[in-house]
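Engineer: Please find the sequence and the predicted model below.
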Amino acid sequence: MKKVTIQDIAKEMGLSRNTVAKALSNGVVAPETRNAVIQKAWQMGYAKLDENIQQDLEMQFKKEQSGTILVLFNRSQSVFWNRTLVGISDAVKEEGYRMQLYIVDEQDEDGDEVLAQLADDVKGIIFLCVFPIRFVRGVSRAGLPMTFFNTPVNAQDYIQLGDVYNLEGFYSMNRLTSYCIEEKGCRDFAFIGFAEGSRVVQARFLGFLGACDQHNIRPDEGMLFTRPSNHTYFSYSMVEEVIRRMTFMPDAIVCENDDIAKYTALALLQKDPELARRMVITGFDNTIEEDFFKKDILTVDVKIEELGRRLVKSVIDRVRDPRLGIIFATLTTYPKLI
């Protein structure tokens with residue numbers, strides 16, 4: 001690599017070589033000019049910069065770059081969310097920032113409470129779950145870079161405000177459902193997942209429907225449970241209620257994620273242990289614990305910690321360069337078939 005010279009610095013700054021030389025040798029130049037030249041010389045990697053000055057500049061740079069990345073969260077803890085937060089925390093530390101996890105009160109409809117609690121050193125915000133657009137717009141009043149994991153089905157308003165990251169679900173769920181049909185002989189299906197409110201889950205639902213259509217199967221509409229009663233997510237009690245409401249037991253139950261798959265298996269176990277044993281159940285996220293009683297739940301592997309790291313990179317890139325264009329990205333997932 002070519003060594004940086006005084007002439008290189010002068011050309012970059014539009015100054016004379018003599019002025020740059022004086023600034024670097026403590027000659028007579030305006031203090032503002034000296035500071036600007038020293039800063040530029042350090043940024044360009046000028047090797048002859050005084051060691052003490054270089055150390056001061058590095059400390060100043062770290063101080064300027066440090067700050068807090070606020071993570072907004074509104075869901076109950078699970079293996080998926082815990083591992084996502086691990087990825088976020090690790091990436092934030094590596095970038096020299098701090099992570100603050102804030103559990104959003106559902107009563108904070110306009111984001112006023114979040115803004116009131118916002119520390120002065122917050123540099124960017126990660127929305128880790130699906131939040132109403134009214135709340136998101138309220139938080140956007142802070143004027144900080146924002147990145148979203150997942151959005152409601154209609155994401156148009158969100159992609160005007162920040163980067164959006166999703167997990168690929170259509171092709172993974174299509175393949176998983178096709179496997180149930182072709183290898184497990186399944187013809188009757190139920191689906192449990194918030195496909196009406198989550199873009200990520202909607203893609204999984206459409207992948208499921210696509211596989212059924214490809215195999216000339218038309219699922220019973222009464223067995224498609226796509227909206228939880230709390231309009232947020234399926235809890236264990238809601239899954240129990242879904243199982244009770246089923247007019248017949250299908251060959252397979254396709255679930256939005258592994259948490260719902262586990263709830264389904266447990267609800268079936270309470271109903272009929274033999275039914276729980278033989279039922280084909282699919283999930284998503286690959287977070288089933290090794291000691292869980294039902295070992296044959298089909299799932300999709302997700303690089304969960306990597307998702308957390310991508311969210312951090314997205315928001316910090318925008319912190320460092322607000323001119324960057326907005327990204328709408330989908331991360332690959334990997335079906336795990338037995």
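Structural biologist: Perfect, thanks for sending it.
Engineer: What separation is there between the residue nearest the centre of the chain and Val254?
Structural biologist: In the chain, the residue lying closest to the centroid (Cα atoms, centre = their mean) is Phe149, at 3.7 Å. For Phe149, the distance to Val254 (Cβ to Cβ, to the nearest Å) stands at 22 Å. C-beta here means a position set from N, CA and C on the backbone, and glycine is covered the same way.
Engineer: Could you do Glu305 as well?
Structural biologist: Taken as Cβ to Cβ, the span from Glu305 to Val254 is 26 Å.
Engineer: more crowded one of those two?
Structural biologist: Val254 (33 against 17; other Cβ atoms under 10 Å).
Engineer: before we move on, what SS does that one have?
Structural biologist: strand (DSSP: H, G, I helix; E, B strand; the rest coil).
Engineer: Surely it is in contact with Thr177?
Structural biologist: Yes: taking Cβ atoms under 8 Å as the definition, Val254 is a contact partner of Thr177 at 6.2 Å.
Engineer: So what pairs up with the closest residue to Arg98 other than its chain neighbours in the strands?
Structural biologist: In space, and not counting its chain neighbours, Arg98 is closest to Thr68: 4.8 Å by Cβ to Cβ, 6 or more residues apart in numbering. Beta-bridge partners for Thr68, by DSSP bridges, are Arg98, Val122.
Engineer: shared neighbours, Val254 and Thr177?
Structural biologist: Taking Cβ atoms under 8 Å, 6 or more residues apart in numbering as the contact criterion, the common neighbours of Val254 and Thr177 are 189, 208, 282.
Engineer: Out of those, which is nearest to Glu95?
Structural biologist: Thr282 (36.4 Å; Cβ to Cβ).
Engineer: For that closest one, grab phi and psi.
Structural biologist: With angles defined as degrees, to the nearest 10, Thr282 sits at phi -120, psi 150.
Engineer: Please name the bridge partners of it.
Structural biologist: Beta bridges link Thr282 to Val254, Leu298 when assigned by DSSP bridges.
Engineer: And Met146, by the same measure?
Structural biologist: Where Met146 sits in a bridge, its partners, by DSSP bridges, are Ile125.
Engineer: Next, count neighbours for it.
Structural biologist: The burial count for Met146: 24, using other Cβ under 10 Å.
Engineer: May I ask you to confirm that it is in contact with Val164?
Structural biologist: No: Met146 is not in contact with Val164 according to Cβ under 8 Å; the separation is 9.8 Å.
Engineer: where exactly do the helices run in the stretch 101-250 of the chain?
Structural biologist: Applying DSSP state H, counting those that start in this stretch to the stretch 101-250 of the chain gives helices spanning 112-117, 133-139, 170-182, 199-214, 236-245.
Engineer: I'd like the ones you listed as JSON lines, with mean pLDDT, mean neighbour count and distance to Gly193 appended.
Structural biologist: Below are the helices of the stretch 101-250 of the chain laid out as JSON lines (pLDDT from 0 to 100; neighbours: other Cβ atoms under 10 Å; distance: least, Cβ to Cβ, whole Å):
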{"stretch": "helix 112-117", "mean pLDDT": "95", "mean neighbour count": "14", "distance to Gly193": "28"}
{"stretch": "helix 133-139", "mean pLDDT": "97", "mean neighbour count": "18", "distance to Gly193": "21"}
{"stretch": "helix 170-182", "mean pLDDT": "98", "mean neighbour count": "21", "distance to Gly193": "10"}
{"stretch": "helix 199-214", "mean pLDDT": "98", "mean neighbour count": "21", "distance to Gly193": "5"}
{"stretch": "helix 236-245", "mean pLDDT": "96", "mean neighbour count": "16", "distance to Gly193": "11"}
